[in-house]
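>>> build me a structure from this.
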Amino acid sequence: MRSSARDVATRLGRTLGVLALLGGLTCGASPLFAFQGTLAPPSAAPEGAWDRFPKVDAAQPFLDYAKAWPARVGDAGARGICIDIPGPTFRPRAITIFFDPEAVPAADNPDAKALFTRFGLPLDSKIVLEGARAFVESAAPVPDGPRPPRRLVNPAAATFKFVSAREIKRDDHTVYAIDHTLFTYFEPAGEAAQHPKGLVLLLPGLLATPEGTLWGLTRTLQSRGYGVLRMVAQPARFLEHTSVTVDPASPERAEREINELFTQRLAECAYASKGALDHLIELHPELKALPLAAIGFSGGAITLPTIVALEPERYRAAVMVGGGAHFWQMQEFSNYSSMIDALEVNWTIPPTEESKQAIRDAYAKGVPLDALHTSKALHGKPMLVIQGDADQAVPSPLGDVLWERLGKPERWLEHCGHEDLFISLPLKFEAIAQWLDKALGADAASAPSPSPSGSNETP
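Model prediction:
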């Protein structure tokens, strides 16, 4: 059903607010400040804000996530396909979907047709594309004629999308839900291109943010001899709007729905990353011999442990900026939740604190793919955590939990909130690159250093 004009305008305003808040974070001036006091949430938590924050047990047993990976069209080796987008293209651009599309035959959609043909599924099978509030990134080809301004052209060496499908029930019928994830690859640049050091999988924050900061780090890594594979944004369905009704007297159904929802979204990030890396190495076989590291910002840091957990032997090191564990509790308390509007929780009666805690506990025990558990896949690898102690977007106590579950690796702890953490991050680009140099060249059990001047390292 299509949304009303007023509903669309309201949601568009929320999306633009988040984009203005996060997407403008660059090394220079930012439109962030124009929104402070209006759309932008407070940048830092007030003193004492965490005194009553529900505690997550950082010492709880790790769940086995080996059998928790949900099914996709394909097999364990290839849970989707990558489709090249020949250049030149314009820089990636996104649209937010405001309605749920009708089911159509796979043959009617080029991406679904390619996927179903690859795995031998009937092309008359019904598929549904991403629905309400899905965030879909694309890269349009540059038409013949005068070349557009450089700022509009995608400078990536390769651009491609990962496409997957899974069975869902819709109107009592089985259909296939299609999901898209866009990737771009940047080669080592300058003199460093002659002696590449490694490959970095760079994972963004929600809604492909902060774009300027992601570009800045990409350029720094390129100049130091790293190829950079960027997930442009999380899979399109990662922020798709979903509602859950919770009956405190009988919460089991809601618990299953919640756990399934988060499992699917976390898993798709891992499937897309694996598919993209496999495809990139097909395009550039010389990259296979290079050590691989993952760097995640915000939402990308939240999903990074799960991405690594799918094939832990592939990764040598990881950097997580503004991340956390226990994704359910994160969306429950994040000051971005209402703006992003990805999940609506309806209680049949006003919930007590005990009712809310029951859902939190069920999530912690029912989602092995959460970083709460997949963080174990990073044990023994060099890790760097960069975190603010007054973060309300990814609440700092959940960042602390992630750090503890990772085994308390090297941490640069800043006295700031989420936005300030990323505003100041360009000042640490060189220090991050130096850390990465040492991490990928050192024994996996060593702890590289130093931390940047002015930050607080927690041993």
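
>>> wait, a helix at residue 107?
Yes. Counting by DSSP: H, G, I helix; E, B strand; the rest coil, residue 107 falls inside a helix.

>>> so it touches residue 122, yeah?
No. Taking contacts as Cβ atoms under 8 Å, residue 107 lies outside contact range of residue 122: 9.1 Å. Using the backbone N, CA and C atoms, a C-beta is placed for each residue, glycine as well.

>>> in terms of neighbours, single out the busier of these two.
Between residue 107 and residue 122, counted using other Cβ atoms under 10 Å, residue 107 has the larger neighbour count: 15 against 9.

>>> next, count neighbours for residue 194.
8.

>>> err, residue 51, not the other one
Around residue 51 there are 6 residues (other Cβ under 10 Å).

>>> how about residue 267?
Neighbours of residue 267 (other Cβ under 10 Å): 25.

>>> tell me the secondary structure at it.
With three-state DSSP as the criterion, residue 267 reads helix.

>>> excluding chain neighbours, what is closest to it?
Leaving aside its chain neighbours, residue 267 sits nearest to residue 70 (5.3 Å; criterion: Cβ to Cβ, 6 or more residues apart in numbering).

>>> give the contact list for the one you found.
By Cβ atoms under 8 Å, 6 or more residues apart in numbering, the contact list for residue 70 reads 166, 263-264, 267.

>>> widest-spaced pair of those?
166 and 263 (11.4 Å; Cβ to Cβ).

>>> quick one, what contacts the most centrally placed residue in the chain?
Using Cα atoms, centre = their mean, the residue of the chain that lies closest to the mean C-alpha position is residue 300, 3.5 Å off. Neighbouring residues of residue 300 by Cβ under 8 Å, 6+ apart: 202-205, 231, 234, 323.

>>> before we move on, what about residue 114?
So residue 114 contacts 81, 83, 163 (Cβ under 8 Å, 6+ apart).

>>> nearest to residue 313 among these?
Closest to residue 313, out of all of the contacts of residue 114 and judged by Cβ to Cβ, is residue 81, at 23.2 Å.

>>> number of residues surrounding that closest one?
Counted with other Cβ under 10 Å, residues neighbouring residue 81 total 22.

>>> repeat that for residue 242.
Residue 242, neighbours per other Cβ under 10 Å, totals 17.

>>> tell me the pLDDT of it.
Note on residue 242: pLDDT of 95.

>>> and it, bridged to which residues?
residue 343 (DSSP bridges).

>>> hmm, it is touching residue 343, no?
Yes. Contact status for residue 242 versus residue 343: in contact at 5.6 Å, counting by Cβ under 8 Å.

>>> now do the shared contacts for those two.
Counting by Cβ under 8 Å, 6+ apart, the residues touching both residue 242 and residue 343 are residue 261.

>>> okay, and the helix or strand of the chain with the least pLDDT?
None of the helices or strands of the chain scores lower by mean pLDDT, DSSP states H and E than helix 32-35, at a mean of 24.

>>> from residue 77, how far off is the closest residue to residue 316 other than its chain neighbours?
Closest residue to residue 316 apart from its sequence neighbours, by Cβ to Cβ, 6+ apart: residue 291 at 4.4 Å. Counting by Cβ to Cβ, to the nearest Å, the gap from residue 291 to residue 77 is 22 Å.

>>> over to residue 425?
For residue 425, the distance to residue 77 - Cβ to Cβ - is 36 Å.

>>> who has more neighbours, those two?
residue 425 (21 against 7).

>>> so is the residue lying closest to the more buried one once chain neighbours are set aside in a helix, a strand, or just coil?
Nearest residue to residue 425 in three dimensions, chain neighbours excluded: residue 213, at 5.6 Å (Cβ to Cβ, 6+ apart). Classification of residue 213 using three-state DSSP returns helix.

>>> confidence score at residue 213?
97.

>>> is it in contact with residue 321, as I believe?
No. Counting by Cβ under 8 Å, residue 213 stays clear of residue 321, with 9.3 Å between them.

>>> so what sits against both of those two?
With Cβ under 8 Å, 6+ apart as the test, residue 213 and residue 321 both reach 297, 422, 425.

>>> where's residue 147, which helix or strand?
Using DSSP states H and E, residue 147 maps to neither a helix nor a strand.

>>> if we can go back for a sec, got JSON lines for the contacts of residue 70, with secondary structure, pLDDT and distance to residue 273 too?
Putting the contacts of residue 70 into JSON lines (DSSP: H, G, I helix; E, B strand; the rest coil; pLDDT from 0 to 100; distance: Cβ to Cβ, whole Å) gives the following:
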{"residue": "166", "secondary structure": "strand", "pLDDT": "97", "distance to residue 273": "17"}
{"residue": "263", "secondary structure": "helix", "pLDDT": "98", "distance to residue 273": "16"}
{"residue": "264", "secondary structure": "helix", "pLDDT": "98", "distance to residue 273": "15"}
{"residue": "267", "secondary structure": "helix", "pLDDT": "98", "distance to residue 273": "11"}
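
>>> among the residues you listed, who's most crowded?
residue 267 (25 neighbours).

>>> give me the low-pLDDT residue ranges for the stretch 351-459 of the chain?
442-459 (pLDDT under 70).

>>> for the stretch 101-250 of the chain, same thing?
Using pLDDT under 70, nothing in the stretch 101-250 of the chain is flagged.

>>> can you give me the helices for this protein?
5-18, 32-35, 110-119, 211-223, 252-283, 299-310, 327-333, 337-340, 353-366, 371-374, 396-405, 418-423, 429-441 (DSSP state H).

>>> let's have those in CSV, adding distance to residue 380.
As requested, these are arranged in CSV below (distance: least, Cβ to Cβ, whole Å):
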stretch, distance to residue 380
helix 5-18, 36
helix 32-35, 38
helix 110-119, 35
helix 211-223, 24
helix 252-283, 19
helix 299-310, 12
helix 327-333, 24
helix 337-340, 34
helix 353-366, 24
helix 371-374, 14
helix 396-405, 14
helix 418-423, 27
helix 429-441, 12
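
>>> which among those is found nearest to residue 385?
Closest among the helices of the chain, using Cβ to Cβ: helix 396-405, at 5.1 Å.

>>> hmm, who's touching the closest one?
45, 50, 53, 55-56, 58, 62, 305, 320, 322-326, 329-330, 371-373, 375-376, 385, 387-391, 409, 411, 458.

>>> quick one: the spatially closest residue to residue 164 that is not a sequence neighbour from residue 271, how far?
The shortest distance from residue 164 to any residue other than its chain neighbours is 3.5 Å, reached at residue 80 (Cβ to Cβ, 6+ apart). Distance, residue 80 to residue 271, using Cβ to Cβ: 6 Å.
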